[in-house]
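**Q** I'll drop the sequence and a predicted model, then ask my questions.
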There are 2 protein chains.
Amino acid sequence: MQSAASPQWVRSPDDLTARARLRDAAIDCFAQRGFAASVREIAQRAGVSQGLIRHHFGGKDNLRAECDEEVFRRFREIKGEGLAMSPGQAIGMLSQLEEFGPTFVYILRSVLDGGVVGRAFVEHLIVDTELFMEQAVRAGTVRESRDPSGRARYLVTSALGSMLVQLTLSPEIDLSDVGNAIQRLTGAFALPSLELFTEGLFVDRSMLDQYLMQIPDPPAAGRDIHPPA
Amino acid sequence: MQSAASPQWVRSPDDLTARARLRDAAIDCFAQRGFAASVREIAQRAGVSQGLIRHHFGGKDNLRAECDEEVFRRFREIKGEGLAMSPGQAIGMLSQLEEFGPTFVYILRSVLDGGVVGRAFVEHLIVDTELFMEQAVRAGTVRESRDPSGRARYLVTSALGSMLVQLTLSPEIDLSDVGNAIQRLTGAFALPSLELFTEGLFVDRSMLDQYLMQIPDPPAAGRDIHPPA
DNA sequence: CGGAAGGCTATACAGCCGTATAGTTTCTTG
DNA sequence: CAAGAAACTATACGGCTGTATAGCCTTCCG
């Protein structure tokens, strides 16, 4: 991870080339107003003329593609390549970084939009989560699953999707302060999720056993990981 | 619930007034192409001129408002007023109904959009889920929670959000056959969710107990519901 | 110094959007 | 039947979008 100082991609706007300022302005606009933000709006925020967008990027689509690359590059840079962490940790950390705010909102928007960054981001989280769970299983803190990949995908999409639903359905939340919003959400869901992760939901095993009985083959591993008490 | 016959709001297009045909065409368009669908597109699908939209509804916003009402009315009609069911059951049932497809996609779009129908739909599911869980707790099949409302909200937003993330991130899924897509998703997540609901995730109670110790007051009820073994 | 190259701007264009207006048809009703 | 109301259409308007074109102005290099 980076030191307490700003990451290298945060600098005074004057130091950047107009091309980079244009790209960063586009990222901010896309995060704040959605991908329907107009090129005029972006150019105005960058303090240049709109024609410059065409000159440098050729068109809006190419501009967005470069924004996608840049956003995912920042994500990888902050997260660190090899560091496996739980999705909760990762999102909590990311949302707390002041200057990462717009970038994070951009990613969320891309997820809702079905964009390439969104997909890459989610798949990245899933892979990392599966790794993290694998370590936790070996460490003896997390139960083994009959379908480790499916469980990682389920956990990531649930956690992320829950946040997205809550964020989109809460008009009072301003996306400019996502860190705060995320923390409030995770706070509200801490107890229910800890209960579920610790005690489960059902008092007996009948639903699970019934399912295991009726399917011919579980997706992975054996089916008797936790022998009945 | 309705009999096997089509619900009353499905009839031959000729039987409907142009106003109703316009509204239904708008629902289909909004579901298929998103809320950015143009009034000309809607009018064309309804087989009328675009001016008629203004004549009958005054503008696009009012038209969408009436679509919202109609969609939520259909949802309530199919679901049944007093019937409490789990979110899984409800969504599974709804998505299976052939003619409910566009209506369901409309609701999903409204959730992603932050629309009023989306919010109403989610809140409705949350209330129903809390009721359902309350019954299940009394019946002795589901564990009591220290925060029943929070748990219901957590379960609904997780399940729904997970589906939404998967749907938006899968370009190969055509929204015209949502029933199939939903069933595939629930199928893929059946085992991980049943595992989680039955066995939990953690092997011990340390995380939960640590949390219960450090917070001054749980949101609801006492904190010693499941005494340590 | 001079000229070419590229960063940059101003302006125009075609297309779509939602909306407005005027006019025509169809139905209803006295 | 006739007259008025309602349903419906055709067309136009202003505004926004992304894109294209022509030209200015700085900068760099021979």
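**A** Great, that's in hand.

**Q** Follow the chain on from the longest helix along chain A and name the next helix or strand.
**A** Assignment by DSSP state H gives helix A:116-139 as the longest helix of chain A. Moving toward the C-terminus from helix A:116-139, the next helix or strand (DSSP states H and E) is helix A:148-168.

**Q** and the angle for that following helix with helix B:116-139?
**A** If you take axes from the mean of the first three to the mean of the last three CA atoms, to 10 degrees, helix A:148-168 sits at 120 degrees to helix B:116-139.

**Q** where's helix A:148-168 relative to the chain centroid, distance-wise?
**A** 10 Å (CA atoms, centre = their mean, to the nearest Å).

**Q** cool, and stretch A:34-42?
**A** When distances are taken as CA atoms, centre = their mean, stretch A:34-42 is centred 23 Å away from the chain's centroid.

**Q** what about it, near DNA strand D?
**A** Yes. Using CB under 7 Å from any atom of the strand, we find that stretch A:34-42 touches DNA strand D at A:36-41. C-beta coordinates here come from the backbone N, C-alpha and C atoms, glycine included.

**Q** Could you identify the most distant pair in the residues you listed?
**A** Within the residues of stretch A:34-42 next to DNA strand D, two members stand farthest from each other by CB to CB: A:36 and A:40, at 12.5 Å.

**Q** Show the low-confidence segments of chain A, by residue range.
**A** A:1-15, A:80-99, A:217-229 (pLDDT under 70).

**Q** Residue numbers of it in contact with DNA strand D?
**A** A:36-41, A:50-51, A:53-54, A:58-61.

**Q** Thought residue A:132 was touching residue A:151, still the case?
**A** No. In this structure, residue A:151 is not within contact of residue A:132 by CB atoms under 8 Å, at 11.5 Å.

**Q** Comparing those two, which residue is more hemmed in?
**A** More crowded of residue A:151 and residue A:132, by other CB atoms under 10 Å in any protein chain shown: residue A:151, with 25 against 20.

**Q** That one and DNA strand C, how far apart?
**A** 43 Å (CB to the nearest atom of the strand, to the nearest Å).

**Q** how close does that residue get to residue A:130?
**A** Distance check for residue A:151 against residue A:130: by CB to CB, to the nearest Å, it reads 8 Å.

**Q** Please apply the same query to residue A:195.
**A** 24 Å.

**Q** Next: residue A:180.
**A** 30 Å.

**Q** More neighbours: those two, which one.
**A** Using other CB under 10 Å as the criterion, residue A:180 and residue A:130 rank with residue A:130 on top: 19 against 14.

**Q** isn't that one right next to residue A:152, touching?
**A** Yes. Assessed by CB under 8 Å, residue A:130 is found in contact with residue A:152 at 3.7 Å.
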